[in-house]
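**Student:** the sequence isn't on hand, but the structure is:
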Ligand SMILES: NC(=O)c1ccc[n+]([C@@H]2O[C@H](COP(=O)([O-])OP(=O)(O)OC[C@H]3O[C@@H](n4cnc5c(N)ncnc54)[C@H](OP(=O)(O)O)[C@@H]3O)[C@@H](O)[C@H]2O)c1
């Protein structure tokens, strides 16, 4: 099965298809199944409590750590300059690794300036503990603030699906060489008309509606991180990489409201 990568500004390749690890039932088992299915990108966060599950699943899979891309996130309690370094050191221990591929600021902070957090994250990047840095849930205005720093902010992870489409943020990120990760990619299917279109396309491409939603997001050059605890869903979601939606069908989904 093909597994394309996108390039982060710092020349790092990120697998476009990832696995979400928030709120999994039996996390280690689900992550191990995803790795066995071919997923090579795990999306975790300090407040998901799934670092240890990722470490255990990677160990059990026997796959070389370097072949797996790990994204994790700093929550609001660890974004001040004195907390970032110790948090990243703890993540390394929990993930049983000596580097993290991508660390994000989970949410914009009301009390700590973005530049302060990014300065400390960049120090971890310079020290080789982190390969790339980015943000999550940042609006266009907040992205402007992040990009005004000299640091290589390479990703913004935002909610994006058929029902919720913050295109202004996506356009701004792409125009500024920032990759976009769509979270909650299959959670919402849009209105009745959109759901009918999804049904028709699933029939046409002989696949699930979720595969259509994921294939659509990847056609739009986003990274996707669907989450599932169900082995069958883990497999069929990954199969969306094989679906080549026609330009006409991508346009129909773009125009569906
Ligand atoms: N940065 C942030 O603030 C943020 C916020 C939210 C999420 N995230 C990340 O994004 C990941 C994904 O987002 P999400 O978990 O909110 O939503 P999601 O992946 O869009 O949807 C997950 C739900 O969809 C179901 N599902 C998945 N594949 C399916 C399929 N093929 N058929 C039927 N149902 C299917 C899952 O149930 P089953 O388990 O039964 O398959 C689960 O209930 C998270 O796990 C997390 O890593 C980040």
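**Tutor:** In hand now; what should we look at? Keep in mind that what you see is a predicted model, and the values were worked out from it rather than measured.
**Student:** double-check that residue 248 belongs to a strand.
**Tutor:** No - counting by DSSP: H, G, I helix; E, B strand; the rest coil, one finds residue 248 to be helix, located in no strand.
**Student:** so how far is residue 224 from it?
**Tutor:** The gap separating residue 248 from residue 224 is 21 Å, by CB to CB, to the nearest Å. No exception for glycine: its C-beta is placed from N, CA and C like everyone else's.
**Student:** now swap in residue 92 and tell me
**Tutor:** 26 Å.
**Student:** and the closest residue to residue 77 other than its chain neighbours, how many neighbours does it have?
**Tutor:** Take residue 77 and drop its neighbours on the chain: the residue closest to it by CB to CB, 6 or more residues apart in numbering is residue 83, 7.1 Å away. The local packing of residue 83 (other CB atoms under 10 Å) involves 15 other residues.
**Student:** isn't residue 140 up against residue 172?
**Tutor:** Yes - using CB atoms under 8 Å, residue 140 makes contact with residue 172 at a distance of 4.7 Å.
**Student:** more neighbours: which of the two?
**Tutor:** Legend: neighbour count by other CB under 10 Å for residue 140 and residue 172, higher for residue 172 (20 against 15).
**Student:** residues of the stretch 51-200 of the chain that sit close to the ligand?
**Tutor:** Within the stretch 51-200 of the chain, the positions near the ligand by CB under 6 Å from any ligand atom are 106, 136, 137, 157, 183, 184, 185, 186, 187.
**Student:** and the residues you listed, which two are furthest apart?
**Tutor:** Largest separation among these by CB to CB: 106 and 186, giving 20.9 Å.
**Student:** the two: which is more packed in?
**Tutor:** Neighbour comparison, residue 106 and residue 186: the larger count goes to residue 186, with 24 against 21 (by other CB under 10 Å).
**Student:** quick check: nearest residue in space to that one, chain neighbours excluded?
**Tutor:** According to CB to CB, 6+ apart, the nearest residue to residue 186 is residue 210 (4.5 Å).
**Student:** cool, and residue 222?
**Tutor:** residue 182 (4.5 Å).
**Student:** the residue nearest to residue 77 is in contact with residue 75, isn't it?
**Tutor:** No - applying CB under 8 Å, one finds residue 83 not in contact with residue 75, separated by 10.2 Å.
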